[in-house]
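Chemist: Okay, sequence plus prediction incoming.
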Amino acid sequence: MKYAVIGTGAIGGYYGAMLARNEMDVHFLLHSDYPHVNEQGLRIDSINGNFNVAVNAYAKPEDMPLCDVAIVALKTTNNHLLEVLLPQVIKYNGIVVIMQNGLAVEQVAADILPQASIIGGLCFIGSTKIGPGHIKHSDFGMVSLGHYIKDESAAGITPELGLVTEDFLACGIDVKPVENLCFLRWQKLVWNVPFNGLSVVLNSSTAELLRQHDSRELIKSIMLEVIAAANACGQPLSASLAESMLVNTETNMQDYAPSMKVDYEHNRPLEINAIYQSMIDRAARSGADMKLAKMLAQQLQFLSRDDVQ
Ligand SMILES: NC(=O)C1=CN([C@@H]2O[C@H](COP(=O)(O)OP(=O)(O)OC[C@H]3O[C@@H](n4cnc5c(N)ncnc54)[C@H](OP(=O)(O)O)[C@@H]3O)[C@@H](O)[C@H]2O)C=CC1
Ligand SMILES: CC(C)(CO)C(=O)C(=O)O
């Protein structure tokens, strides 16, 4: 299949480069890095070995070929661009893979391309763009892929999900197809909601947040609130997940600056709507009031004001 990558940063650059170096037909839409990547390709510094790959780079979507699959790895704060970008790079009945954090982030693409298959991708990776076309992959790398359906039920392992999974596996990407995307999105939010927001508000890394008794307790309370909301929305997450995620972060993850902290430090918009507001609104529709998540989102909104940063 022919692949388009929209958003060639930490995620799109890394996974796209993995596909390209294994001779998949991949076409990258670039933004500020176009001149550099067009000349020098992508450079990946990875825990699994560094590599450079020459790529098909484009500055404009209209110059790209129509692809079978579009990997969307923009920040969700740029998803309003998809209405113009997607129809130019993908066949109307193609496959869109949304590799972003948050809840229901697939809906934008589903509205733009009603005939397309929409797949959500959850990335468990530490990756950062550290220079033009230069990505540092520092931890993990696993991706879970699930087929999106609006009613939040389990779509199962569909043929389109099978095709993308096969290509990713063939390129050495650690990929896991899942039957229920929505369940998994809630499960990942149990981690992202406390850690992404608190790392910004308390100006701390994951290890710093976990070392201190009060912040560890706060993280756990927020995790339990997300778990309760997931259950109210019909996604049966167990309360024991909170402690096991905390222990896993303490023992198996490096000290880490979540992607929201990296965005804040670079003065970039924060993914508050995708990671907080959609979840808070969805929970409210099922009668769950997410007081802690709301407070964290309000603090993040305050810090995002132009006159504060
Ligand atoms: N980084 C990580 O470790 C993880 C990230 N995620 C999620 O993955 C998603 C992507 O994040 P991440 O890869 O870190 O973000 P990055 O900011 O690294 O990448 C986004 C890319 O989009 C590009 N872009 C911006 N505007 C345009 C445009 N108009 N046209 C084309 N490209 C554009 C940017 O280019 P430029 O730099 O030139 O502006 C940038 O390279 C987010 O939802 C994030 O939460 C999930 C798990 C881990
Ligand atoms: C969970 C983590 C750290 C990636 O694995 C993440 O989602 C982020 O940095 O936003």
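Modeler: Arrived safely, thanks for sending. Predicted model only: the values in this text are computed from it and were never measured. Ligands and ions are numbered 1, 2, ... in the order given.
Chemist: Run through the residues that contact the most centrally placed residue in the chain.
Modeler: Central residue of the chain (C-alpha atoms, centre = their mean): Q100, 2.4 Å from the mean position. For Q100, the contacting residues are 11, 72-76, 79, 121, 271, 274, by C-beta atoms under 8 Å, 6 or more residues apart in numbering. C-beta: built from backbone N, CA, C; applies to glycine.
Chemist: Within reach of ligand 1, which of those are there?
Modeler: For ligand 1, the contacts drawn from these by C-beta under 6 Å from any ligand atom are 11, 73-76, 271.
Chemist: can you pull out the helices in the stretch 101-250 of the chain?
Modeler: In the stretch 101-250 of the chain, the helices defined using DSSP state H, counting those that start in this stretch lie at 107-112, 159-170, 181-201, 206-211, 213-232, 240-252.
Chemist: and the longest one, is it in reach of ligand 1?
Modeler: Translated: helix 181-201. No: against ligand 1, helix 181-201 shows no contacts by C-beta under 6 Å from any ligand atom, the least distance being 7.7 Å.
Chemist: can you give me the mean pLDDT across that helix?
Modeler: Averaging pLDDT along helix 181-201 yields 98.
Chemist: again with stretch 264-280
Modeler: 97.
Chemist: Next up, the contacts around the residue in the stretch 51-200 of the chain that ligand 2 sits nearest to.
Modeler: Ligand 2 sits closest to F124 of the stretch 51-200 of the chain, with a gap of 4.4 Å, by C-beta to the nearest ligand atom. F124 makes contact with 140-144 under the criterion C-beta under 8 Å, 6+ apart.
Chemist: what's near enough to touch the residue lying closest to G162 once chain neighbours are set aside?
Modeler: Leaving aside its chain neighbours, G162 sits nearest to P177 (7.1 Å; criterion: C-beta to C-beta, 6 or more residues apart in numbering). Neighbour list for P177: 144-146, 157, 161-162, 165 [criterion: C-beta under 8 Å, 6+ apart].
Chemist: Would you mind checking those for buried ones?
Modeler: 144-146, 161, 165 (16 or more other C-beta atoms under 10 Å).
Chemist: Can you tell me which of those residues is closest to ligand 1?
Modeler: The nearest member of the buried ones among the contacts of P177 to ligand 1, counting by C-beta to the nearest ligand atom, is S144 at 11.1 Å.
Chemist: Can you tell me which of the ones next to ligand 1 among the contacts of Q100 has the most neighbours?
Modeler: Neighbour tally across these (other C-beta atoms under 10 Å): the maximum, 26 neighbours, falls on I11.
Chemist: Quick check: which element contains that one?
Modeler: Assigned by DSSP states H and E, I11 falls within helix 10-21.
Chemist: Sheet-wise, list the partners of the helix or strand following that helix with their directions.
Modeler: Later in the chain than helix 10-21, the nearest helix or strand by DSSP H and E is strand 25-29. Under the criterion DSSP bridges, strand 25-29 sits next to strand 2-6 (parallel), strand 56-58 (parallel) in its sheet.
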